[in-house]
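Visitor: could you look at this predicted model? Sequence included:
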Amino acid sequence: MDNSVKDKIRKLLTQVIQKREELHSQSEPLKNLVISRPKKKEWGDLSTNLPFVLSRQTHLSNHQVGQVLREELKSCRLFSRVEFVSPGFLNFFLSSFYLQETLKGIVAEKGEFTRFSLGENRKVQVEFVSANPTGPLHIGHGRAAAFGDSMANILEKVGYQVEREYLVNDVGGQIQRLARSVIARLRELEGKSFELPKDGYQGAYLVDIAGKLREKLGKQLSQEKDEKSFLEMVANFTIEEILKWIREDLREFGVSFDLWFSESELHRSNELLQAISYLKEKGYTYMEDGALWFKTSSILEAEEDRVLRRSNGEYTYFASDVAYHLNKLKRGFYQVIDIWGADHIGYVPRMKAVAQALGYPRGALRMIIYQLVTLKRGGQKVSASTRSGEFIPLKEVVREVGKDAARFFFISRTGDSHLDFDLDLAKKQTPENPVFYIQYAHARICSIMKKAREKGIELDDLLGANLDLLRTSEEKTLMVQLALLPDQIKEAAENLEPHHLAGFLEEMAGQFHYFYTRHRVISENRDLTLARLFLVEAVRIAIADVFQILGISAPQEM
RNA sequence: GCGCCUGUAGUUCAGUGGAUAGAAUGUCGGCCUCCGGAGCCGAAGGUCGCAGGUUCGAAUCCUGCCAGGCGCGCCA
């Protein structure tokens, strides 16, 4: 646990600054301190810009600061070498001692090695997907699902208690339109004249639901005279059916939720009215044109005021979202994280203003926006719209390319960028497809371990391995990569950026294949064999560990 | 018109204010007696959208343009 190399180095640097008077300064030297991975091997395994930073704050030159730091650190057993390089970098070469400790740690502790206590067991909530129950999940929801679930896993890994939540928007005009669309399909099935509502849902998937509805509730429906009850019956049935699809699609995608929260519950429980009157009491509302408005502008100048209750007396979706967020915030989470698609971008300042109006600190509510997905097939872009019925369902994509490839593609780049999802590439079972490349490394290692067992070497025998024998640059590269894994995970959690893990895996798989083609793991030399098996087993554990976070399977054979 | 996101190799994309800007893929050329060739190596490929500014140092920060995406409802 808490195996961050960077934290260890940061601590050492802090100690040196405290110890050496000439390095003292008024400002906080570590604020601008960066410890990063240099671009070139000869610049060490890790490097810091601290000489730059400190020289600005003291009367010393980059060079002088660097030499002082080097003197103090060069005998640390964390490093084999510490070098100052002009113009102002301090480069660290990790010691064999530390790299071997890392290997032993990984093999002994498995996934526990990359765990952190950072979250201090605080409760965090991640709300994601929350697709309207008006149709099956499409490709865009896939990005939300993969991203949200991986994010939740990462936060758990660094010590938070994470709750995954899906908000079901089962209220409002869209549900009315949905029900009317089903009713039209019902008439279609009965051979009557029918017309799909123009603003309704055109997708053929509603025909199935209409059929099922007729089969199950046909009699009751034909006896129902009250139009409102009729509509409600259809709506409820339809929502339930669609939610079944959604749950099933998510299950196939390896995503599950702790709580499915119904928007209608907020209406039934009176929480909506309570939330609104709370805002009223605090003076954040006013009446105009017969509607009740929220004074967004009093909190964020650039924002326009928004309607909470329409002049016809109905509450807006915004109003239920106020109630929903109050409900969430009141549950005592250290942080509530909403993961939204770019089409909700305009909503962010509004909801932040609401959280503030409700009296919660700035950091309590955090929104992550991911950009939309473009699906490509045969070089052609495919558009996605639930209402028009022209969309590629997530289920279809998952069945076509597999859960693993789909999840990998979705989290492989930052949420800030548009995602071009190339179906043809994701489907390929060749090394062009990064997920197969990485899985292949894992399977290859499993195969080596199996071979070793056939030769009479058991996992327990590895414990006696002499890791001093791992001396080649290829072995060293892998060990360094493994040593950096905990930091990688910690940083992904801090920045809420899972895509770095995908890059890390690709890199490590590449390093492994490179090593493999140059050195035999199992050879006549038993000691060397044991040492290399130890290394390779650590790599395998690391791959499986990160895959587990990303919800991707680590196959033993392919 | 206003707000947010994006613009980096032919293509898809990485890149905490740091060192000679990287990878994958594609193109071209190589490597199988041997633990999984579903792999490996090499080469070519760039005015980091454009123009200013900030500083020891800018793909990264600021300003202004240009281009694309998403928003800007008493819809959800």
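Guide: Arrived safely.

Visitor: okay, now whichever residue of chain A sits closest to RNA strand B: neighbour count?
Guide: Across chain A, the shortest distance to RNA strand B (CB to the nearest atom of the strand) belongs to A:Pro431, at 1.8 Å. Backbone N, C-alpha and C define where each C-beta goes, glycine included. A:Pro431 has 12 neighbouring residues, counting by other CB atoms under 10 Å.

Visitor: what about A:His418, how many neighbours?
Guide: A:His418 has 11 neighbouring residues, counting by other CB under 10 Å.

Visitor: quick one: contacts for it?
Guide: Going by CB atoms under 8 Å, 6 or more residues apart in numbering, A:His418 touches A:371-374.

Visitor: kindly recompute the last result at 10 Å.
Guide: A:His418 is in contact with A:342, A:370-374, counting by CB atoms under 10 Å, 6 or more residues apart in numbering.

Visitor: same question, A:Gln125
Guide: A:152, A:155, A:160-165, A:258-259, A:328-329, A:331-338.

Visitor: only whichever of those residues are buried, select them in PyMOL.
Guide: Here is the PyMOL command that selects only those of those that count as buried (16 or more other CB atoms under 10 Å):
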select buried, chain A and resi 152+155+160+162+163+164+165+328+329+333+335+336+337+338
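
Visitor: strands - which of the contacts of A:Gln125 land there?
Guide: Judged by DSSP state E, strands contain the following of these: A:161-165, A:259, A:335-338.

Visitor: helices and strands of chain A: which one bottoms out on pLDDT?
Guide: Ranked by mean pLDDT, DSSP states H and E, the weakest helix or strand in chain A is strand A:380-382, scoring a mean of 73.

Visitor: could you give the mean pLDDT of the following helix or strand past it?
Guide: Note on strand A:380-382: by DSSP states H and E, the next helix or strand toward the C-terminus is helix A:394-401. In this model, helix A:394-401 has an average pLDDT of 91.

Visitor: would you list every one of the helices in the stretch 401-550 of chain A?
Guide: Assigned by DSSP state H, counting those that start in this stretch, the helices in the stretch 401-550 of chain A fall at A:403-411, A:423-427, A:434-454, A:473-495, A:499-518, A:526-550.

Visitor: give the contact list for the spatially most central residue of chain A.
Guide: Centroid-nearest residue in chain A: A:Met151, 2.8 Å away (criterion: CA atoms, centre = their mean). Counting by CB under 10 Å, 6+ apart, A:Met151 touches A:124, A:126, A:128, A:162, A:164, A:337, A:339, A:368, A:411, A:415, A:492-493, A:496-498, A:549.

Visitor: out of these, which is most surrounded?
Guide: Counting by other CB under 10 Å, A:Ile411 has the largest number of neighbours within these, with 29 neighbours.

Visitor: most neighbours out of the contacts of A:His418, which is it?
Guide: In terms of neighbour count, A:Tyr370 stands highest of those at 25 neighbours, by other CB under 10 Å.

Visitor: for that residue, give its distance to A:Asp321.
Guide: Distance of A:Tyr370 to A:Asp321, given as CB to CB, to the nearest Å: 19 Å.

Visitor: with A:Val354 instead?
Guide: 8 Å.

Visitor: and what of A:Gln429?
Guide: For A:Gln429 relative to A:Asp321 (CB to CB), the value is 43 Å.

Visitor: which of the contacts of A:His418 are close to RNA strand B?
Guide: Among the contacts of A:His418, the ones lying near RNA strand B by CB under 7 Å from any atom of the strand are A:342, A:371-372.

Visitor: export these to a markdown table and tack on secondary structure and pLDDT?
Guide: Converted to a markdown table, these look like this (DSSP: H, G, I helix; E, B strand; the rest coil; pLDDT from 0 to 100):
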| residue | secondary structure | pLDDT |
| --- | --- | --- |
| A:Ala342 | helix | 93 |
| A:Gln371 | coil | 93 |
| A:Leu372 | coil | 89 |
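
Visitor: can you list the buried residues in whatever helix or strand A:Leu250 lives in?
Guide: Using DSSP H and E, the element containing A:Leu250 is helix A:227-252. Buried positions in helix A:227-252, judged by neighbour count with 16+ other CB under 10 Å: A:230-231, A:233-235, A:237-239, A:241-243, A:245-247, A:249-250.

Visitor: can you confirm whether that helix lies near RNA strand B?
Guide: No - Helix A:227-252 stays clear of RNA strand B (CB under 7 Å from any atom of the strand), getting no nearer than 11.8 Å.

Visitor: against which helices or strands is that helix packed?
Guide: Secondary-structure packing of helix A:227-252 (3 or more CB pairs under 10 Å, 6 or more residues apart in numbering; DSSP states H and E): helix A:139-157, strand A:161-168, helix A:173-189, helix A:205-223, strand A:259-262, helix A:394-401.

Visitor: which of the ones you listed sits most buried?
Guide: Of these, the one with the most neighbours on average (mean count of other CB atoms under 10 Å) is helix A:139-157, at a mean of 25.

Visitor: run the chain-centre distance for that one.
Guide: With CA atoms, centre = their mean, to the nearest Å as the basis, helix A:139-157 stands 4 Å off its chain's centre.

Visitor: do stretch A:315-325 as well
Guide: Relative to its chain's centre, stretch A:315-325 lies at 26 Å (CA atoms, centre = their mean).

Visitor: ditto for stretch A:4-15
Guide: Put simply, stretch A:4-15 sits 27 Å off its chain's centre (CA atoms, centre = their mean).

Visitor: next: stretch A:441-449.
Guide: Centroid separation between stretch A:441-449 and its chain, computed with CA atoms, centre = their mean, is 27 Å.

Visitor: how about that stretch and RNA strand B, any contact?
Guide: Yes - applying CB under 7 Å from any atom of the strand, one finds stretch A:441-449 touching RNA strand B at A:443-444, A:446-448.

Visitor: and the gap between A:Phe318 and A:Glu304?
Guide: Using CB to CB, A:Phe318 is found at 12 Å from A:Glu304.

Visitor: give me the common contacts of those two.
Guide: Common contacts of A:Phe318 and A:Glu304 (CB under 10 Å, 6+ apart): A:296, A:350.

Visitor: looking at those two, which has the bigger crowd around it?
Guide: Taking other CB under 10 Å, A:Phe318 and A:Glu304 do not tie; A:Phe318 has more neighbours (18 against 9).

Visitor: name whatever forms a beta bridge with the closest residue to that one other than its chain neighbours.
Guide: The shortest distance from A:Phe318 to any residue other than its chain neighbours is 5.4 Å, reached at A:Arg306 (CB to CB, 6 or more residues apart in numbering). Judged by DSSP bridges, the bridge partners of A:Arg306 are A:Phe294.

Visitor: hmm, A:Arg306 is touching A:Val354, no?
Guide: Yes - taking contacts as CB atoms under 10 Å, A:Arg306 lies within contact range of A:Val354: 9.3 Å.

Visitor: tell me the pLDDT at A:Ala426?
Guide: At A:Ala426, pLDDT is 88.

Visitor: from memory it sits against A:Asn433, does it?
Guide: Yes - shown here, A:Ala426 and A:Asn433 form a contact pair, counting by CB under 10 Å, at 6.6 Å.

Visitor: so what sits against both of the two?
Guide: Contact criterion CB under 10 Å, 6+ apart; residues shared by A:Ala426 and A:Asn433: A:401, A:405, A:408-409.

Visitor: in a markdown table, list those along with distance to A:Leu189.
Guide: Shown next, in a markdown table, are those (distance: CB to CB, whole Å):
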| residue | distance to A:Leu189 |
| --- | --- |
| A:Val401 | 34 |
| A:Ala405 | 38 |
| A:Phe408 | 41 |
| A:Phe409 | 38 |
